[in-house]
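> The following comprises the amino acid sequence and a computationally predicted model.
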Amino acid sequence: MTSLDTAMQGQRDHDATEVSETVPSVSSGLDRKIVDAFPEYTVRKDLVGKIKGNALVPSYVLEYLIGQYAATTDAASLDAGVNRVRQILADHYVHREEANLVQSKIRELGRYSIIDRVQVVLNEKYDRYEASFSNLGISGVTVDPAVVKRNPKLLVAGVWCKCALGYAYSGDPHEVPWQLLKLVPVQMSHDDRKNYLTLRSRFTTQEWIDLLMQSIGFNPDMFGLRAKLLHLVRMIPFVERNYNLIELGPKGTGKSHIYSEFSPHGMLISGGEVTAAKLFVNNANNKIGLVGYWDIVAFDEFAGKAKRADKALVDIMKNYMANKSFSRGREMMQGEASMVFVGNTSHNVPYMLKNSDLFEELPKQYHDPAFLDRIHYYVPGWEFEQIRGEMFTSDYGFVVDYLAEILHNLRNVDYGGTYERYFTLSSSLSTRDKDGVRKTFSGLMKLIYPTGEANADEMEPLLRCAIEGRKRVKDQLCRIDSTMAEVDFSYTRRGADEATTVHTLEETEYPRLYWRGVPEDETDDVPAGDDAESSDGGSMQSSVSRTESVSSGNVKPQPASQPKLSARERLALQAKPGRKEYQEGQHGVSYDKLFGPWIYGAKNITICDAFIRKPYQIRNLAEFLETVLRFSDRSEEIHVHLITGRDNPPEDRQDNDLAQIQENYHQLGIMFSYEFSGSIHDRSIRTETGWVIDFGRGLDIYQRYEADWFSPLLRMPALRAVRNFTVNYSPTK
């Protein structure tokens, strides 16, 4: 019996030699509580990355194996378990490039165990089920009907399985020599919900949220409460039936990761394109599609204006998302799968609000009020940071297939109305608005308070989060469809006299852009540096924060009674031709002061500086882009192009650093590009608004300083001493 055959027994208990019975050493108090409460169903989350290597296998497959062989905190036993899992992957995971070698092993040994993605079809000609193996590259393998009956998802899409294959050549051309001797899908085999609900009481709310964050692989210390709740919203489709969620945002924020790696009950469709036959029902054989077998059908790369979708498919999706039913001209069918749509945005939030709406990236067929009104929650993908190494946890969390199975079984529970004990929603909300709020609230309750018991103070943050996500959908619908009535997204607490209005974060940050028709005034959206000088010589710092706010729903700020010079217009008046000289050791000089007024209003800026090469020089460039950000209209895209010299000898670090700057500022509306030239002599900044700034030292104006996190010099450039340099400001003809 091979090591994988042993694993296929599906047992969670271990031999005495595999698991130490000594008290484990854990890294935190929360880890100890997790391990003590769920000793058989927790793993150290950093092990997945250490073990995975180049195996293109989902995390839940690896954690299934880790849960069997390395579910311990004893160092020696953990190392032994990790080595065993590595050996199983090395021996039995099928890499596509090694498919022929594995086929040969099966033939020579007569029986061999593998880990691969398996899909089954019915061969009507021979009245038998046949399996195909994704990485192994074989098909037509006969499958026992009993196996298909126990695992119907094999008929719809690939399922990761642990299989024992045999080889017996008969000479019959109608038979394949491959034999499926055993098949076990990689997923939990039982429902541990009762124990799960009982043990929830051992944890505080914050501890439980952190446990869930660690279970999906993130370090909770790196996130605030709002960010944690938004991460949990991504999990609601796993725990709530027929939940429709969309997330649009910048690249690299992990939008689709959870739908491909977290659960064996989810299906991620890459490219965002699918046929009605595959998704709903195949009229040729009347077989139900993906929505009949999966808890979640997620569409990756859903955004893209150039993409086209079949109108008939969109119409079926509308009916399904609203009524949980669908038909392709025959009988009406039901499905329980939640729909998730994730895609990338090309522009930042203020740009979208000024020029279109937050759904602007969707294909035309989906940029339809009737379709969008069926969305229960819009996750603001721009609020998620790009994934970095320090965001991942090395602490303990649930084995993901264990948690996925718990959430799968909690789909039978509905907590959508529990907030009504303490709160009442505004009567102006439509039925779909209320449905979106109720389903989101129910999902968050099942994740955080799975027993359904919580007091008013515990429920209120969840209710506000639920209202905000639906409000984001409705407010954008009002932009797209002028006939759509605006509503008051507020709630009233029992015993309170006044209602509490919920705002989206972008509504608070960009009120003039969020509600069109509000005039720009001196207090609106003018970020400035500490050194920015107003036209009368004073500081512009007071204009950073907006003094008026949007009150609620369809009530907008009123125009000022008298026109007056805006802060942006006053800023532009500071830019004058001239020459400035700075002495060695002088203080009080910043890029804001040197360049701010002259780059104000520019949408195209070109920097010529041969020495943007070393790390500190590239840091200077990043600080200059901060100035561009502060002195530009956030609702516009600003193109900044750098012409610089190559490091000598050329280093990947220079390219990597510049590429990182490009990525970081793109999501802020600064479109940074660069090129290398060996013939740069003068150093200058040019704008299409008519200014040329010549400066002898380029951006390298500061003397060396200690750039540690605790030094005020790092974030307050005016405190730094400068070198001797001059700056000339000249208008172009």
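Received the coordinates, thanks.
> show me what contacts the closest residue to Pro145 other than its chain neighbours?
Once flanking residues are discounted, Pro145 sits nearest to Tyr129: 6.1 Å by Cβ to Cβ, 6 or more residues apart in numbering. No exception for glycine: its C-beta is placed from N, CA and C like everyone else's. Counting by Cβ atoms under 8 Å, 6 or more residues apart in numbering, Tyr129 touches Val120, Val121, Leu122, Asn123, Thr142, Val143, Asp144, Pro145, Val147, Val148.
> Redo those as TSV? Include pLDDT and distance to Leu699.
Formatted as TSV, these follow (pLDDT from 0 to 100; distance: Cβ to Cβ, whole Å):
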residue	pLDDT	distance to Leu699
Val120	93	62
Val121	92	63
Leu122	91	67
Asn123	91	69
Thr142	92	70
Val143	93	66
Asp144	93	70
Pro145	94	72
Val147	92	66
Val148	91	66
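> are any of those residues buried, and which?
For the contacts of Tyr129, a burial check counting by 16 or more other Cβ atoms under 10 Å picks out Val120, Leu122, Val143, Val147, Val148.
> Does anything pack onto the longest helix along the chain? Which helices or strands?
The helix that spans the most residues within the chain, counting by DSSP state H, is helix 456-480. Counting contacts by 3 or more Cβ pairs under 8 Å, 6 or more residues apart in numbering; DSSP states H and E, helix 456-480 packs against helix 225-233, helix 369-372, strand 377-380, strand 423-425, helix 431-448, strand 490-493, helix 505-509.
> out of those, nearest to Gly343?
strand 377-380 (11.4 Å; Cβ to Cβ).
> Which positions within stretch 129-141 qualify as buried?
Tyr129, Glu130, Ala131, Ser132, Phe133, Ser134, Asn135, Leu136, Ile138, Gly140, Val141.
> Convert the C-alpha atoms of it to CSV, please.
These are the backbone C-alpha positions of stretch 129-141, laid out as CSV (Å, rounded to 0.1, in the frame of the first residue of the first chain):
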residue,chain,number,x,y,z
TYR,A,129,-19.3,6.6,-17.6
GLU,A,130,-15.8,7.6,-18.6
ALA,A,131,-13.2,9.8,-16.8
SER,A,132,-10.5,12.1,-18.1
PHE,A,133,-7.5,13.1,-16.1
SER,A,134,-6.4,16.7,-16.7
ASN,A,135,-2.6,16.5,-16.0
LEU,A,136,-2.2,12.8,-16.7
GLY,A,137,-3.6,13.3,-20.2
ILE,A,138,-5.7,10.2,-20.4
SER,A,139,-9.4,9.8,-21.1
GLY,A,140,-12.0,7.1,-21.6
VAL,A,141,-11.3,5.5,-18.3
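> now the angle from the helix or strand that contains Phe341 to helix 431-448?
Assigned by DSSP states H and E, Phe341 belongs to strand 338-344. Orientation check (axes from the mean of the first three to the mean of the last three Cα atoms, to 10 degrees): strand 338-344 against helix 431-448 gives 90 degrees.
> now strand 338-344, how far from the centre of its chain.
11 Å (Cα atoms, centre = their mean, to the nearest Å).
> Need the residues that contact that strand.
Here strand 338-344 has contacts from 236-238, 240-251, 255-256, 259, 272, 295-304, 317, 320-321, 361-362, 366, 375, 381, using Cβ under 8 Å, 6+ apart.
> ok, that strand: who's next to it in the sheet?
strand 244-249 (parallel), strand 296-299 (parallel) (DSSP bridges).
> Okay, and which of the contacts of strand 338-344 map to strands?
Asn244, Leu245, Ile246, Glu247, Leu248, Gly249, Ile296, Val297, Ala298, Phe299 (DSSP state E).
> quick one, what contacts the closest residue to Thr393 other than its chain neighbours?
Spatial nearest neighbour of Thr393, excluding adjacent residues (Cβ to Cβ, 6+ apart): Asn219 at 4.2 Å. With contact taken as Cβ under 8 Å, 6+ apart, Asn219 is in contact with Met213, Glu390, Met391, Phe392, Thr393, Ser394, Asp395.
> you'd agree the fourth one is up against Pro220?
No: at 11.3 Å, Phe392 and Pro220 do not qualify as touching, with contact defined as Cβ atoms under 8 Å.
> Of the two, give the one with the bigger neighbour count.
Pro220 (21 against 16; other Cβ atoms under 10 Å).
> what separates the residue positioned nearest the centre of the chain from Ala466, distance-wise?
Among the residues of the chain, the one closest to the centroid is Lys255, at 2.8 Å (Cα atoms, centre = their mean). Lys255 is 20 Å from Ala466, where distance means Cβ to Cβ, to the nearest Å.
> got it, and Ala456?
Look at Ala456 and Ala466: by Cβ to Cβ, they are 15 Å apart.
> So which of the two has more stuff around it?
Between Ala456 and Ala466, Ala466 has the larger neighbour count (other Cβ under 10 Å), namely 29 against 14.
> can you pull the contacts of the closest residue to Val399 other than its chain neighbours?
Excluding the flanking residues, the one nearest Val399 by Cβ to Cβ, 6+ apart is Gly67, at 4.1 Å. Contact analysis of Gly67 by Cβ under 8 Å, 6+ apart lists Arg12, Glu40, Tyr41, Val43, Val399, Asp401, Tyr402.
> rerun at 10 Å
By Cβ atoms under 10 Å, 6 or more residues apart in numbering, the contact list for Gly67 reads 12, 40-43, 60, 81, 85, 188, 398-402.
> Looking at those, which are in helices?
Tyr60, Gly81, Val85, Val400, Asp401, Tyr402.
> which neighbours do Phe392 and Pro220 share?
Gln214.
> so what pLDDT did Glu40 get?
Note on Glu40: pLDDT of 80.
> What is the burial count for it?
Taking other Cβ under 10 Å as the criterion, the count of residues near Glu40 is 14.
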